[in-house]
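Engineer: Return atomic coordinates for the entry below.
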Amino acid sequence: MAWVAGVRFKPAGKIYYFECENIDLQAGDAVIVETIRGIECGSVAIGRREMSEEELVLPLKSVVRKATEADIEIFQKNRQREAEAMEICKQKVKEHKLPMRLIDVEYTFDMGKVIFYFTAEGRVDFRELVKDLAAIFKTRIELRQIGVRDEAKMLGGLGTCGRVLCCNCFLGEFEPVSIRMAKEQNLSLNPTKISGICGRLMCCLKYESELYESGKGSGEDKHGRKSAGVEIDLKGIDAGSRGDQGAGKPTGDGTDAEGASDTSPGL
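Structural biologist: Model prediction:
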């Protein structure tokens with residue numbers, strides 16, 4: 001067993017667990033942690049708790065300390081440096097005429113590395129670009145190519161439902177989505193109807209897939225558990241029990257006094 005806390009480095013980023021044996025942490029606390037990329041500043045998403053080693057990915061890195069006001073100030077200055085680094089890198093990409101689109105930039109908390117995220121149709125030879133950037137920033141440079149789903153997650157936007165993209169506001173990790181999920185839910189297979197702004201199948205197709213896979217209308221998930229909800233049987237309820245009085249009172253032929261048919265769902 002180990003005392004750990006779950007930490008995120010982006011608002012809807014993946015949660016990583018760090019050992020915090022002697023530090024009491026609550027959700028929302030800013031912390032300084034040791035990662036494979038160096039020292040980073042993150043936010044506690046899951047407060048301090050005890051977990052078995054089978055539930056964790058070992059070996060664990062440690063929480064160095066709760067973030068101080070000075071740490072927060074450094075973190076905010078790094079965000080400003082990232083905006084400057086973005087503009088410099090875009091200019092260098094144009095100079096080298098590279099077929100790539102810069103998406104985001106990250107400084108590690110200790111400024112030991114600058115990470116540039118980009119998209120491209122294929123492989124890009126950016127060795128000369130890295131040399132130029134290393135000479136400018138005087139630190140380690142990493143260029144990381146990402147896919148279209150990660151691009152949408154970083155940039156954000158609105159989905160066809162009119163809401164902020166799930167991946168940008170709460171999905172920590174992407175889960176596999178297949179066309180079979182759309183078929184089981186009797187959805188239109190028109191790509192424009194079931195694809196997100198990234199051009200891939202919408203992540204929300206996964207949300208109800210478990211119910212469709214197992215229950216097939218029985219209201220049970222694949223573990224045999226009843227789904228949330230209440231079944232209401234309106235059969236046998238007469239007009240008096242509904243409190244229908246006077247105008248609009250149903251008659252024996254299934255129409256009300258105004259002559260409109262009673263087509264309430266479920267009757």
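
Engineer: give me the number of residues near E53?
Structural biologist: Burial of E53 is recorded as 10 neighbouring residues (other CB atoms under 10 Å). C-beta here means a position set from N, CA and C on the backbone, and glycine is covered the same way.

Engineer: Thought M1 was touching it, still the case?
Structural biologist: Yes. Using CB atoms under 8 Å, E53 makes contact with M1 at a distance of 7.3 Å.

Engineer: so what does the strand of greatest length in the chain touch, helix or strand wise?
Structural biologist: Of all segments of type strand in the chain, defined using DSSP state E, the longest is strand 38-51. Using 3 or more CB pairs under 8 Å, 6 or more residues apart in numbering; DSSP states H and E as the contact test, the elements touching strand 38-51 are strand 2-8, strand 16-19, strand 30-35, helix 69-96.

Engineer: in its sheet, what does the third one sit against?
Structural biologist: I take that to be strand 30-35. Partners of strand 30-35 in the sheet, by DSSP bridges, are strand 38-51 (antiparallel), strand 63-66 (antiparallel).

Engineer: what about the one residue sitting closest to the centre of the chain, which SS state?
Structural biologist: The chain has L171 as the residue nearest its centroid, 1.8 Å off, counting by CA atoms, centre = their mean. At L171 the chain is in coil, as set by DSSP: H, G, I helix; E, B strand; the rest coil.

Engineer: mind checking the end-to-end distance for stretch 147-160?
Structural biologist: Length of stretch 147-160, first residue to last, CA to CA, to the nearest Å: 21 Å.

Engineer: One more: stretch 119-130?
Structural biologist: End-to-end distance for stretch 119-130: 16 Å, by CA to CA.

Engineer: and the closest residue in space to L187 that isn't next to it in sequence, what is it in contact with?
Structural biologist: Once flanking residues are discounted, L187 sits nearest to I194: 6.0 Å by CB to CB, 6 or more residues apart in numbering. With contact set as CB atoms under 8 Å, 6 or more residues apart in numbering, I194 has these partners: 179, 182, 187-188, 201-202, 205.

Engineer: if we go to 7 Å?
Structural biologist: The contact partners of I194, by CB atoms under 7 Å, 6 or more residues apart in numbering, come to 182, 187-188, 201-202, 205.

Engineer: Show me just the buried residues among these.
Structural biologist: For the contacts of I194, a neighbour count by 16 or more other CB atoms under 10 Å gives the buried set as 182, 201-202, 205.

Engineer: Of the residues you listed, which belong to strands?
Structural biologist: Using DSSP E, no member of these falls within strands.

Engineer: Just send these back as TSV, with distance to I36 and pLDDT too.
Structural biologist: Shown next, in TSV, are the buried ones among the contacts of I194 (distance: CB to CB, whole Å; pLDDT from 0 to 100):
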residue	distance to I36	pLDDT
A182	38	90
L201	31	93
M202	32	93
L205	33	91
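
Engineer: distance between stretch 168-180 and the chain's centre?
Structural biologist: Chain-centre distance of stretch 168-180: 7 Å, with CA atoms, centre = their mean, to the nearest Å.

Engineer: oh sorry, the question was meant for stretch 190-203
Structural biologist: Relative to the chain's own centre, stretch 190-203 is displaced by 16 Å; criterion: CA atoms, centre = their mean.

Engineer: tell me the helices in this structure, going along the chain?
Structural biologist: Assignment of helices within the chain using DSSP state H yields the ranges 69-96, 127-137, 148-155, 166-169, 179-184, 191-194, 209-214, 239-242.
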